[in-house]
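Q: got a predicted structure plus its sequence, pasted below:
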There are 2 protein chains.
Amino acid sequence: MTIGIGLLGLGTVGAGVASILASPEGRHPLVAALRLQRVAVRDLNRSRPTSPPAELLTTDPEAVVDDPGVDIVVEVMGGLEPARTLILRAIAAGKPVVTANKAVIARHGEEIAAAAAAQGVYVLIEAAVGGGIPIIEPLKQSLGSNRIQRVSGIINGTTNYILSRMAAEGAAYADVLADAQRLGYAEADPAADVQGGDAADKIAILTRLAYGGTVPRGAIPTEGIDQLEARDVAYAARLGFVVKLLAVAQLMEAEGEHASSDHPLLDVRVHPTLVPSTHPLAGVNGVNNAILVEGDPVGQVMFYGPGAGAGPTASAVVADILNIAGIRQATGGSGGSLDPLLAAGSWRTCSLVEGSLTTHRNYVRLRTRDEAGVIGKIGTCFGEAGVSIQSIVQFAAQDQDGGDADAEIVVITHEVLEANFRRALARIEALPEVESVAACLRTL
Amino acid sequence: MTIGIGLLGLGTVGAGVASILASPEGRHPLVAALRLQRVAVRDLNRSRPTSPPAELLTTDPEAVVDDPGVDIVVEVMGGLEPARTLILRAIAAGKPVVTANKAVIARHGEEIAAAAAAQGVYVLIEAAVGGGIPIIEPLKQSLGSNRIQRVSGIINGTTNYILSRMAAEGAAYADVLADAQRLGYAEADPAADVQGGDAADKIAILTRLAYGGTVPRGAIPTEGIDQLEARDVAYAARLGFVVKLLAVAQLMEAEGEHASSDHPLLDVRVHPTLVPSTHPLAGVNGVNNAILVEGDPVGQVMFYGPGAGAGPTASAVVADILNIAGIRQATGGSGGSLDPLLAAGSWRTCSLVEGSLTTHRNYVRLRTRDEAGVIGKIGTCFGEAGVSIQSIVQFAAQDQDGGDADAEIVVITHEVLEANFRRALARIEALPEVESVAACLRTL
């Protein structure tokens, strides 16, 4: 039995996939059953270091989807359109789809999943999150016995590279970004990475798999690292933390109750976060990704590895192809039912919790006049709002602007209700001794 | 559709499985389709804090296997017999098996796999390695597109607990072991853990999955931590390493050649190892486990989490049950072919490389007379045997025995051929200035 593969896109990931298919020896024997049938490219004449035979190439992606010899459609072209339309076209033709396209799944996942369920075909997306790290399959096939309490991860390599260098070198965000762009670790337009949108796409996908229901991608509170100052990275280090861009999906639960297990209330968000230096995510540096899953009864498990790159991403894409090929062999190709774990349909309705009802630890940096008693006043404001404080530290005054050398006070709270925290901050901002709330970051 | 589960054993893991099945809400909906049908226990009258209904219990494990309402047999009794016989009995009856029993799989895996293949049933073993960490499923279903270069892991929680405390406290092995036994982290007879046998069982299992062929369990070179001295842990720390009990399976390959991809030559072993403190495995402490998989094209991916315990292990057992239930749904229960990824049969012949042909970095501690020129002589012995040295350090002489205060010299080599290393050591031992080769450890 050979299985015809239609490839939409021959960029770095597509070329990586073609390269695996062209050299099956030493891999799982099922790889040898995969035959590259047709490849859609944008430009036939572009020179490629290694390329499938010229007769497989076409500039017409629909011809790839429609080719009767194509059994599985692999979408690695990226972008929302025509990717979405081509995926739906493949599904309509009863062809399973493998895609690495997190944007299209995060935004059109529900439409695509509904079409796939109606047609009884798989749409697999291992490469959409965490590059080569197996995280989608384990969430679907290895952790289903758990009540997932939290999924938190470093799932954007560009920002983690920038943050790692800011921490190691004490460098400013803008300088490291420019260098990362020069080295190819950040794109010319870095907005999707540094503003957190890419991580939000990915946590939306992980949330659906971990909790069995879709959350609205556009409603995920998202904060990037583009406003982060070097001094906050430095202060965090002195207090025993590293700053990471975390994407988090967390189950809110009335204590001891499982009454709402059909309608879980979730806190999903993306923001720079102070992570204690002893935490498993703290040591994840450079372009690596890691996803920590906490569940009952498994406890904490973490998945770590290269979050991007041609090879790792192609590894994940071909893994999905193999899974479809494997189950095809088990079912004898008869289009019966789907394996509900592999198909991973939604099974319940998830809602996002209102922000003011969430609880967090917080890091706050205040610029104040260097006067006696200011720490006491700040402490009082927090206390009166019901915000308990873990530490409050005055750092050596720094003079950036050539003006007066004011004081900087850093407060780390315990886990407190967001509404209370905001109320305290409003009072603190109104204190005459406080010049500004200069930074405000979440803390694990 | 409900699926009847027959449980062999109601110890901590069995009770954990029963507890998950009894409370499906908030877990994957497929859990609700699982019905605990029959449970084999040793003693009906033993008091259990929570227990399945008394009418499900029996002291006759064969009755569980033979019960027509049992669709999947779950073996969590441990030990070689009667576990092996009961697993084979289930297979013969055409019933898929889930087992957490690493000993029986490491020793009788081939026999069990052959029987399962002949009957066309799955035998799933996620819980046999790494407790709750998804590692078996990812190796089978997420990394098949790779040529696996190396699998290395901390896969015994007891020894990692002991090593973590030795490192943190500078304590002696025997003292920490006694304390671990008192706290329940080590068994009264700790031999299987501290002598490396448990880790060897597990690396034998991982090797078969990563490389598609069985290696003889009894031929795996295995060294435990029971001879490890506190001073070597301390010296390692001063040189930037932590000592971990690693289990390693590594592909030996003529450079650039894949000619032997049908008959891979493997270096599989278990031994205490100096791990650079910046390495991803170095930060794995306490009873946690972690497995690092290196492959082409994925690069390095790591799986981390709780390596033992009722909850984590039960999570893995139920994951396997769900996988069988899921694929059963896809195939309509018709006993057709098996999914080759999930079934994970052997597909090639693996051999263990002869020890003298392996290459390693090494840590050697020598007790010598405190005389000028001894470092030069040692260096010369290594050099003449073709062993290049990374560092050679004399530590402050320590006097343990009330005798003369001799010198201790620690050498760390580059990666060198084992045969050359042994030749050098023999010459060094013959030097009149050298009293003994006091310790010899592998180094990453």
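A: Alright, I've got the coordinates.
Q: what is the mean pLDDT for the helix or strand hosting A:T273?
A: Using DSSP states H and E, A:T273 falls within strand A:265-276. For strand A:265-276, mean pLDDT is 97.
Q: could you pull out the buried residues of that strand?
A: By 16 or more other Cβ atoms under 10 Å in any protein chain shown, the buried positions in strand A:265-276 come out as A:265-275. Where you see a C-beta, it was placed from the backbone N, CA and C, and this is true even at glycine.
Q: so after that strand, what's the next helix or strand?
A: As assigned by DSSP H and E, the chain's next helix or strand after strand A:265-276 is strand A:288-296.
Q: with just CA atoms, put the helix or strand just after that next one into PDB.
A: The helix or strand immediately downstream of strand A:288-296 is strand A:299-306, counting by DSSP H and E. Taking C-alpha atoms only, strand A:299-306 is exported to PDB below (Å, rounded to 0.1, in the frame of the first residue of the first chain):
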ATOM      1  CA  GLY A 299       0.700  16.300  38.200                       C
ATOM      2  CA  GLN A 300       3.100  18.400  36.200                       C
ATOM      3  CA  VAL A 301       4.500  17.100  32.900                       C
ATOM      4  CA  MET A 302       6.600  19.200  30.600                       C
ATOM      5  CA  PHE A 303       7.400  19.000  26.900                       C
ATOM      6  CA  TYR A 304      10.600  20.800  25.700                       C
ATOM      7  CA  GLY A 305      12.400  21.200  22.400                       C
ATOM      8  CA  PRO A 306      12.900  23.300  19.300                       C
END
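Q: figure out how far whichever helix or strand comes after strand A:299-306 is from the centre of its chain.
A: Counting by DSSP H and E, the element after strand A:299-306 in chain order, helix or strand, is helix A:310-330. Taking Cα atoms, centre = their mean, to the nearest Å, one finds helix A:310-330 lying 21 Å from the centre of the chain it belongs to.
Q: tell me what angle helix A:310-330 forms with strand A:288-296.
A: Here helix A:310-330 runs at an angle of 50 degrees relative to strand A:288-296 (axes from the mean of the first three to the mean of the last three Cα atoms, to 10 degrees).
Q: from chain B, how far out is A:L342?
A: 7 Å (Cβ to the nearest Cβ, to the nearest Å).
Q: likewise for A:I72?
A: Using Cβ to the nearest Cβ, A:I72 is found at 14 Å from chain B.
Q: quick check, that residue in contact with A:G6.
A: Yes: counting by Cβ atoms under 8 Å, A:I72 touches A:G6, with 7.1 Å between them.
Q: does chain B sit close to the strand holding A:T273?
A: No: Strand A:265-276 lies out of reach of chain B by Cβ under 8 Å from any Cβ of the partner chain, never closer than 12.4 Å.
Q: now for that strand, which elements pack on it?
A: helix A:197-211, strand A:241-252, strand A:351-352, strand A:434-443 (3 or more Cβ pairs under 8 Å, 6 or more residues apart in numbering or on different chains; DSSP states H and E).
Q: centre of the chain to it, how far?
A: In terms of Cα atoms, centre = their mean, the centre of strand A:265-276 is set 11 Å apart from its chain centre.
Q: got the domain ranges for chain A?
A: A:3-131+A:310-343, A:141-306, A:357-443 (automatic domain parsing).
Q: which one of these lies closest to B:G379?
A: Evaluated with Cβ to Cβ, the domains of chain A place domain A:141-306 nearest to B:G379, the distance being 34.8 Å.
Q: how far does that closest one sit from its chain's centre?
A: With Cα atoms, centre = their mean, you get 7 Å for domain A:141-306.
Q: lowest mean pLDDT across the domains of chain A, which one is that?
A: Averaging pLDDT over each of the domains of chain A puts domain A:357-443 lowest, since it has a mean of 90.
Q: now the end-to-end length of that one.
A: In domain A:357-443, first residue to last residue: 17 Å (Cα to Cα, to the nearest Å).
Q: hmm, A:G170 is touching A:E229, no?
A: No: using Cβ under 8 Å, A:G170 makes no contact with A:E229, being 11.3 Å away.
Q: more crowded one of those two?
A: The residue with more neighbours, out of A:G170 and A:E229, is A:E229; 15 against 12, by other Cβ atoms under 10 Å in any protein chain shown.
Q: residue boundaries of the helices in the stretch 101-250 of chain A?
A: Ranges of helices in the stretch 101-250 of chain A, per DSSP state H, counting those that start in this stretch, are A:102-119, A:136-141, A:157-169, A:173-183, A:191-194, A:197-211, A:230-238.
Q: quick one: closest of the ones you listed to A:R348.
A: Nearest to A:R348 among these is helix A:197-211 (7.6 Å), distances taken as Cβ to Cβ.
Q: got the CA coordinates for the closest one in CSV?
A: Taking Å, rounded to 0.1, in the frame of the first residue of the first chain, the C-alpha atoms of helix A:197-211 are listed here in CSV:
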residue,chain,number,x,y,z
GLY,A,197,-0.4,37.4,18.7
ASP,A,198,1.5,34.2,17.6
ALA,A,199,1.5,32.9,21.1
ALA,A,200,-2.2,33.7,21.5
ASP,A,201,-2.9,31.7,18.3
LYS,A,202,-1.1,28.8,19.8
ILE,A,203,-2.6,28.9,23.3
ALA,A,204,-6.1,29.1,21.6
ILE,A,205,-5.3,25.8,19.9
LEU,A,206,-3.9,24.2,23.1
THR,A,207,-6.9,25.4,25.1
ARG,A,208,-9.3,23.6,22.8
LEU,A,209,-7.4,20.4,23.0
ALA,A,210,-6.8,20.5,26.7
TYR,A,211,-10.4,21.5,27.6
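Q: residues in contact with A:D296?
A: A:D296 makes contact with A:146-147, A:149, B:311, according to Cβ atoms under 8 Å, 6 or more residues apart in numbering or on different chains.
Q: number of nearby residues for A:S391?
A: Neighbour tally, A:S391, other Cβ under 10 Å: 12.
Q: okay, now the closest residue in space to it that isn't next to it in sequence: neighbour count?
A: Setting aside the residues directly before and after it, A:S391 is nearest to A:I412 in space (Cβ to Cβ, 6 or more residues apart in numbering or on different chains), at 4.9 Å. Neighbour count of A:I412, defined by other Cβ under 10 Å: 21.
Q: for A:I412, list each beta-bridge partner.
A: For A:I412, the beta-bridge partners are A:Y363, A:S391 (DSSP bridges).
Q: how near is it to A:S277?
A: Distance, A:I412 to A:S277, by Cβ to Cβ, to the nearest Å: 14 Å.
Q: just A:D320 next, same as before
A: Taking Cβ to Cβ, one finds A:D320 at 36 Å from A:S277.
Q: higher neighbour count, these two?
A: Neighbour totals were compared for A:D320 and A:S277, and A:D320 leads with 29 against 13 (other Cβ under 10 Å).
Q: list the contacts of that one.
A: Contact partners of A:D320, counting by Cβ under 8 Å, 6+ apart, are A:98, A:124-127.
Q: go with 6 Å
A: Neighbouring residues of A:D320 by Cβ atoms under 6 Å, 6 or more residues apart in numbering or on different chains: A:98, A:124, A:126.
Q: so the second one sits against A:V98, correct?
A: It stands for A:L124. Yes: taking Cβ atoms under 6 Å as the definition, A:L124 is a contact partner of A:V98 at 5.0 Å.
Q: of those two, who's got more company?
A: A count of neighbours by other Cβ under 10 Å puts A:V98 above the other of A:L124 and A:V98, at 30 against 27.
Q: hmm, the more buried one is touching A:Y122, no?
A: No: here A:V98 does not reach A:Y122: they are 8.4 Å apart, not a contact under Cβ under 6 Å.
Q: with neighbour count and distance to B:A93 added, can I get the contacts of A:D296 in TSV?
A: Formatted as TSV, the contacts of A:D296 follow (neighbours: other Cβ atoms under 10 Å in any protein chain shown; distance: Cβ to Cβ, whole Å):
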residue	neighbour count	distance to B:A93
A:N146	29	30
A:R147	21	33
A:Q149	17	39
B:G311	20	30
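Q: between the residues you listed, which is nearest A:H28?
A: So of the contacts of A:D296, ranked by how close each gets to A:H28 (Cβ to Cβ), first place is A:N146, at 27.6 Å.
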